[in-house]
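A.B. asks: pasting the structure only:
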């Protein structure tokens, strides 16, 4: 039962994040894009950049902020999948890695946006 709740909250968090980013003027390219065994939550763009967005959702009370759960291992996986997307689609724009944090509260939710949250370490 717990896994089902987590998956549903994750999808709901992605829906909230997508709506938030669309309202900021970004354009959706892909959602839940798979590359081998990896997945990118949301891929968006604006005039200048390609935004690879990792969405993290938690239910209040949170012991650790959702953004803090995107550790170096997760970052490397996201970067590897993004490389696959960029090569496959011949993307010429600058690529940035953003995080959207969604916390479900007893009444509603909070959304925090962390643009350019991490970068490849090459």
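C.D. replies: Yep, that arrived. Computed from a prediction, not measured in an experiment: that's the story for all the values here. Numbers count the residues shown, from 1 in each chain.
A.B. asks: going forward, measure contacts between C-alpha atoms and count neighbours the same way
C.D. replies: OK.
A.B. asks: Identify the residues contacting residue 94.
C.D. replies: 48-50 (C-alpha atoms under 8 Å, 6 or more residues apart in numbering).
A.B. asks: helix/strand/coil for the closest residue in space to residue 69 that isn't next to it in sequence?
C.D. replies: Among residues not flanking residue 69 along the chain, residue 56 sits closest, at 7.7 Å (C-alpha to C-alpha, 6 or more residues apart in numbering). In three-state terms, and counting by DSSP: H, G, I helix; E, B strand; the rest coil, residue 56 is strand.
A.B. asks: for residue 56, what are its contacts?
C.D. replies: Residue 56 neighbours (C-alpha under 8 Å, 6+ apart): 10, 13, 66-67, 69, 99-102.
A.B. asks: cool, residue 35 as well?
C.D. replies: Per C-alpha under 8 Å, 6+ apart, neighbours of residue 35: 81, 84-85.
A.B. asks: Just the buried ones out of the contacts of residue 56, please.
C.D. replies: 10, 13, 66-67, 99-102 (16 or more other C-alpha atoms under 10 Å).
A.B. asks: just to revisit the earlier point, so which of the contacts of residue 35 are in helices?
C.D. replies: 81, 84-85 (DSSP state H).
A.B. asks: I'd like those laid out as JSON lines, including pLDDT and distance to residue 23.
C.D. replies: What follows is these, written out as JSON lines (pLDDT from 0 to 100; distance: C-alpha to C-alpha, whole Å):
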{"residue": "81", "pLDDT": "97", "distance to residue 23": "26"}
{"residue": "84", "pLDDT": "96", "distance to residue 23": "27"}
{"residue": "85", "pLDDT": "97", "distance to residue 23": "24"}
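A.B. asks: which of these lies closest to residue 61?
C.D. replies: For these, the residue nearest residue 61 by C-alpha to C-alpha is residue 81; the value is 31.2 Å.
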